[in-house]
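**Student:** Have a look at this prediction, sequence included:
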Amino acid sequence: MPTFTALTTLPDADNARALGEAMERMDPEPTGVGVFEMEDDSGLWEVGAYFEAAPDRAALAVLEAAFDTRPFVVSELPEVDWVAKVRRELAPVEAGRFWLYGSHDADTLPEDRVALLVDAAMAFGTGHHGTTRGCLEALDQLLAEGITCRNVVDIGCGTAVLAMAAARVWPDHPVLASDIDAVAVDVARANVALNGLNGRVDCVEAMGFDHADIAARAPFDLVFANILKGPLVALAPDVARHADSGAFVILSGILNPQADEVIEVYARNGINLVDRRVIGDWTTLTLRA
Ligand SMILES: C[S@@+](CC[C@H](N)C(=O)[O-])C[C@H]1O[C@@H](n2cnc3c(N)ncnc32)[C@H](O)[C@@H]1O
């Protein structure tokens, strides 16, 4: 873990990059080097490096002279358990009837909500992002309309938050969750176990629908896919192939100006817009096959 930083600023981008490269070759080597244009309109570039031990002041002085920089500011960072800090600071998320909480909030669960434990980890999907919240609100809307889905797939499941939400509201029906990222699949499986949903949500590693279990369990009557516009567009024919007639499709990860293109592509594949919701910069679409 880096515990020291050395920072300086320069007016010239090329010189800043060259200094960054020179810092990478310092002895002892820094654990990381960054070169950034400052966001304060000063036009200055900041060059900084992280070190596991106090950097050699004499070596920094040589670099100051060679690159004509201001003196480096060397600081020792306080030891922080970042994972614990982030977890502590993440407040529960409310999305329709769903209540997503971290284990630090387990004592204060509202009784009238569908509560899901989703700790911050190495996968996307604590509910703090507008795309996840949009999908949960879209699911909440289906429930408000009295709709029951009997065969659900969540493509790009991250923490498995959407898959688990579906499993909780339709306890008699199976849910399949997939992610292209093996780490996310591990996190998803751990969350499924923590939420007492083993046997109700299965998690597989797959790109899109490319997995024998997904093919075997199709057609689905609800498809979630909260991934970016590019993959969503590419997946449209596969979604159409794996969706039952009348199936609902909830898509997110779409920046607001991209939504019309996604709607058009899915319409060409026989999947038409039912509802859309905007949270911040992100649009979530509910469509129907
Ligand atoms: C924005 S996160 C969504 C996580 C969660 N479903 C949610 O709503 O919060 C997108 C996830 O999709 C996965 N992903 C991206 N492209 C994919 C693809 N083509 N097939 C399967 N998973 C994909 C990523 O690894 C990531 O975990």
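**Tutor:** Perfect, I can see it now. Numbers count the residues shown, from 1 in each chain.

**Student:** ok, longest strand in this protein?
**Tutor:** strand 243-255 (DSSP state E).

**Student:** what's around whichever residue of the stretch 1-150 of the chain sits closest to the ligand, how many residues?
**Tutor:** Nearest residue of the stretch 1-150 of the chain to the ligand, counting by C-beta to the nearest ligand atom: Gly125, 2.9 Å away. Heads up, the C-betas are built off the backbone N, CA and C, glycines and all. Using other C-beta atoms under 10 Å, Gly125 has 29 neighbouring residues.

**Student:** ditto for Gly146
**Tutor:** Counted with other C-beta under 10 Å, residues neighbouring Gly146 total 6.

**Student:** I'd like to know how far it sits from Ala212.
**Tutor:** Separation of Gly146 from Ala212 (C-beta to C-beta, to the nearest Å): 34 Å.

**Student:** before we move on, which element is the residue of the stretch 1-150 of the chain closest to the ligand in?
**Tutor:** Secondary structure assignment for Gly125, by DSSP states H and E: no helix or strand.

**Student:** Let me see the ranges of the helices in the stretch 1-150 of the chain.
**Tutor:** 13-24, 57-67, 82-89, 130-144 (DSSP state H, counting those that start in this stretch).

**Student:** Any chance you could list what contacts the longest one?
**Tutor:** To tie it back to what came earlier, the one meant is helix 130-144. Under the criterion C-beta atoms under 8 Å, 6 or more residues apart in numbering, residues 93, 95-98, 100, 124-127, 149, 158, 161-162, 165-166, 169, 222, 224, 226, 248, 250, 252-254, 275, 277-284, 286 lie in contact with helix 130-144.

**Student:** doesn't Phe72 make contact with Leu60?
**Tutor:** Yes - applying C-beta atoms under 8 Å, one finds Leu60 in contact with Phe72, separated by 4.6 Å.

**Student:** and for the two, which residues touch both?
**Tutor:** Ala6.

**Student:** hmm, back to that, now, the contacts of helix 130-144 that are in strands?
**Tutor:** Among these, the ones falling in strands (DSSP E) are 93, 95, 98, 100, 222, 224, 226, 248, 250, 252-254, 275, 277-279, 282-284, 286.

**Student:** Keep only those of the residues you listed that are also close to the ligand.
**Tutor:** Asn226, Gly253 (C-beta under 6 Å from any ligand atom).
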